[in-house]
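Novice: Structure of the sequence below:
(one chain, ligands or ions: 1)
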Amino acid sequence: MPCATPGWVKTSPGCWPVTPAPRCCPLPLANNHGATVPLSTLPLFAALQHSAQHLPPLAKRFQQNSQRAQQLTFHFGQSLLVDISRQQVCTTTLAQLCELARQLNLPKAIAGLFADNCFNPSEQRAVLHTALRMPAGAVLEHNGVNIIPAVHAELAKMRRFCQRVHNGDWRGYTGQPIKDVVNIGIGGSDLGPAMVCEALAPYCTTGIRAHFVSNIDPAHLATTLARLNPATTLFVASSKSFGTDETMSNAMAARQWLLNACGNPGLVQQHFVAVSTNQRKVVEFGIAAENMFEFWSWVGGRFSLWSAIGLPIALAIGFERFEELLAGAHAMDEHLRTMPFEQNIPVLLALLTVWNHNVLGHASEGVFPYSQLMHRFPAFLQQLNMESNGKSVTLSGEQVSSATGPIVWGDVGSNSQHAFFQLLHQGTAVVPAEFIGFVNSPYDFPAHRHKLLANMLAQAEALAFGKSAADVEAELRAEGLSEQSIAELLPSKVMPGNRPSTVILCKELTPHTLGSLIAMYEHKTFVQGVLWGVNSFDQWGVELGKKLASGLVDTLMGKTDAAAHDPATQQLVQQIFEWRK
Ligand SMILES: O=P(O)(O)OC[C@H]1O[C@](O)(CO)[C@@H](O)[C@@H]1O
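Specialist: Predicted structure coming up:
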């Protein structure tokens, strides 16, 4: 944001309305974790573009190299592998991409991420979410103070709280133990915990049911409360800023619901805890400071599920399982920090985005978990990646010279096969796909499990190798079709193939594996941002809409005129007034 003082930048806590008032801070002179030159100006990038003009078909690549599948499969421990052999790359391309990353300062940026040297300049904040999953004995200094003891002190507070809830020592206004926990938050204060609780449903054995309310649509809160007993319900008001309108409105309405039931404001305390960085606002809201779980400005909202924002996860799956999630993420941190780029999974995945998006021009990335439990994973990834890398200016404020964040989208398999995979196979847009599969499942119906994985494998194969005109013709001929019918049907039945995909195969969906998988995508996002030279840790693009919405609330409540708005908005406001009951 521009500021009156040249070379300075206006910052805010990243929420609206902004309190305290925006302040001015010096802009760092040099960016300390991004590429110092644009990707597109490097001779190596031109070489990659040149090589992309003559890509052999995937079928030919496999024919010519019998070791291709093994050479392009990367293992993470004993329970996760990433197979990129169906991407339009060879080992030479990968070596060039890795060299490109080195030329774009990636080694320094990765080291910086683990050493308090990764910075979010437009909000004047450090980026230290990896500290949240470091073991107790680790040391990570921020402003001269080792922050790991504070991280573990907060984890210990969460553990004690979980024990009290699980043992039935934390009781509601009638003296009954808590049975349901409702997380009230949005964006990073909702998507991560909601996704993890759903993904780890088989581990939700503590007897505490977790619910999530995020939307300002009253249907979300109303339908959730309708299923609950206020006497046995605990609310977790979750907001980094404790100023987000949706969360505050839902939290206030939930408090009123509780008050209506118990009739005594003093008893509401037993049903509300908060997770935030803003103690003043939490206390102003009426939640006691001792019932607040803290995290820190150096944790970005979309990277925060490892902090106290993960409290509903720990309540649902138990604290020990939550620690396994953290350990899985830490293992991926170590992988990113120590592995050479040529075997570094998050780095390779980010480089494949550069290859597919910047070199080959594919505008979106599809992510398809073959797991019903991973239903919310694409939505989580959308915030993680698109809020981080949907940027058009570099860290130093210049317009970017190449495309940044692709559109990330997806849904679970096999459902998505019956919805939009047609476009993936035969549409004019090529969508690089990431398939995520799990070999084992705690559920019965073994035949279903075989079918699920078979479908995933089949999709990757069909995308890569397609079906040639010769094969289609032979098939139609075998069916005894006339020459005319064959000629008519053939074009619609040919599958072009050569459509890139990655298969991420995991042994089982455990807390540890899920932690690693999420951290893998966090690091993929971070590395992409470094390669594009953007600030992956701010989100100024969402602010204008929040401000306009606030003004329009007054208009819809009849307090202000719509005249200040554009003609299209005025017309719609008029229609709302006419139709409103
Ligand atoms: O946790 P908070 O401060 O309520 O913010 C919620 C979400 O809103 C955003 O700021 C975007 O509006 C996200 O970045 C964040 O995760």
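Novice: So, low pLDDT: which residues of this structure?
Specialist: Counting by pLDDT under 70, the low-confidence segments of the chain come to 1-35.
Novice: Kindly recompute the last result at 90.
Specialist: Applying pLDDT under 90 to the chain flags residues 1-37, 564.
Novice: Which residues of it lie near the ligand?
Specialist: Contact residues (CB under 6 Å from any ligand atom) of the chain with the ligand: 14-15, 186-189, 239-241, 244, 247, 301-302, 387, 539, 542. C-betas here are computed from N, CA, C, even on glycine.
Novice: Let me know the closest of those to Tyr173.
Specialist: Thr247 (23.2 Å; CB to CB).
Novice: related to what we said a few turns ago, in strands only, show me the residues of the chain next to the ligand.
Specialist: Secondary structure from DSSP state E places none of the residues of the chain next to the ligand in strands.
Novice: Make a ChimeraX selection of the buried ones in those.
Specialist: Entered in ChimeraX, the line below selects the buried ones among the residues of the chain next to the ligand, by 16 or more other CB atoms under 10 Å:
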select :14,15,186,187,188,189,239,240,241,244,247,301,302,387,539
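Novice: Mark which of the residues of the chain next to the ligand are part of helices, please.
Specialist: Among the residues of the chain next to the ligand, DSSP state H puts Thr247 in helices.
Novice: The closest residue to Leu80 other than its chain neighbours pairs with what?
Specialist: Nearest non-adjacent residue to Leu80, counting by CB to CB, 6 or more residues apart in numbering: Cys506, 4.9 Å away. Judged by DSSP bridges, the bridge partners of Cys506 are Leu80, Phe438.
Novice: which residues touch Cys506?
Specialist: Neighbouring residues of Cys506 by CB atoms under 8 Å, 6 or more residues apart in numbering: 79-80, 436-439, 513, 517.
Novice: Kindly report the same for Gly328.
Specialist: Counted by CB under 8 Å, 6+ apart, Gly328 has contacts 510-517, 519.
Novice: How much space separates the residue nearest to Ala261 when sequence neighbours are not counted from the ligand?
Specialist: Closest residue to Ala261 apart from its sequence neighbours, by CB to CB, 6+ apart: Pro230 at 3.8 Å. Distance of Pro230 to the ligand, given as CB to the nearest ligand atom, to the nearest Å: 24 Å.
Novice: okay, now Pro230: neighbour count?
Specialist: 20 (other CB atoms under 10 Å).
Novice: quick revisit: can you put the contacts of Cys506 in JSON lines and add neighbour count?
Specialist: What follows is those, written out as JSON lines (neighbours: other CB atoms under 10 Å):
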{"residue": "Ser79", "neighbour count": "18"}
{"residue": "Leu80", "neighbour count": "23"}
{"residue": "Ile436", "neighbour count": "25"}
{"residue": "Gly437", "neighbour count": "21"}
{"residue": "Phe438", "neighbour count": "25"}
{"residue": "Val439", "neighbour count": "12"}
{"residue": "Thr513", "neighbour count": "22"}
{"residue": "Leu517", "neighbour count": "23"}
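Novice: Might you report the residue contacts of the residue nearest to Ala261?
Specialist: 172-173, 257-258, 261-262, 271.
Novice: Let's have these in a markdown table, adding secondary structure and neighbour count.
Specialist: As requested, the contacts of Pro230 are arranged in a markdown table below (DSSP: H, G, I helix; E, B strand; the rest coil; neighbours: other CB atoms under 10 Å):
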| residue | secondary structure | neighbour count |
| --- | --- | --- |
| Gly172 | coil | 21 |
| Tyr173 | coil | 19 |
| Trp257 | helix | 17 |
| Leu258 | helix | 23 |
| Ala261 | helix | 17 |
| Cys262 | helix | 17 |
| His271 | helix | 24 |
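Novice: if we take those, which one ends up nearest to Val165?
Specialist: Gly172 (10.7 Å).
Novice: Which residues are in contact with the closest one?
Specialist: Contacts of Gly172 (CB under 8 Å, 6+ apart): 178, 230-234, 270-271.
Novice: repeat that for 10 Å
Specialist: Shown in contact with Gly172 (CB atoms under 10 Å, 6 or more residues apart in numbering): 178-179, 229-234, 258, 261-262, 267, 270-271.
Novice: Farthest pair within those residues?
Specialist: Top of the distance list for the contacts of Gly172 (CB to CB): Lys179 and Leu267, 17.0 Å.
Novice: Any idea how many residues pack against the closest residue to Gln49 other than its chain neighbours?
Specialist: Distances taken as CB to CB, 6+ apart put Val359 closest to Gln49, at 5.7 Å, once the chain neighbours are dropped. Neighbour count for Val359, taken as other CB under 10 Å: 20.
Novice: likewise Pro446?
Specialist: Neighbour tally, Pro446, other CB under 10 Å: 9.
Novice: Spell out the secondary structure type for Pro369.
Specialist: For Pro369, the assignment made with DSSP: H, G, I helix; E, B strand; the rest coil gives strand.
Novice: That one reaches Leu505, doesn't it?
Specialist: No: using CB atoms under 10 Å as the test, Pro369 is too far from Leu505 to be in contact (11.6 Å).
Novice: Have a look at the two and say which one is more surrounded.
Specialist: Pro369 (27 against 19).
Novice: and the more buried one, what does it touch?
Specialist: Contact analysis of Pro369 by CB under 10 Å, 6+ apart lists 199, 375-378, 381, 410-413, 416, 434-438, 456, 504, 509, 517.
Novice: To which secondary structure element is Glu578 assigned?
Specialist: Under the criterion of DSSP states H and E, Glu578 resides in helix 567-579.
Novice: Pull out the buried positions in that helix.
Specialist: In helix 567-579, counting by 16+ other CB under 10 Å, buried: Val573.
Novice: What distance do you get for Ser79 to the ligand?
Specialist: 30 Å.
Novice: Spatially nearest residue to that residue (excluding sequence neighbours)?
Specialist: Lys507 (3.9 Å).
Novice: Show the contacting residues for the one you found.
Specialist: Counting by CB under 10 Å, 6+ apart, the residues that Lys507 touches are 77-81, 438-440, 513.
Novice: Distance check, it against the ligand.
Specialist: Lys507 is 31 Å from the ligand, by CB to the nearest ligand atom.
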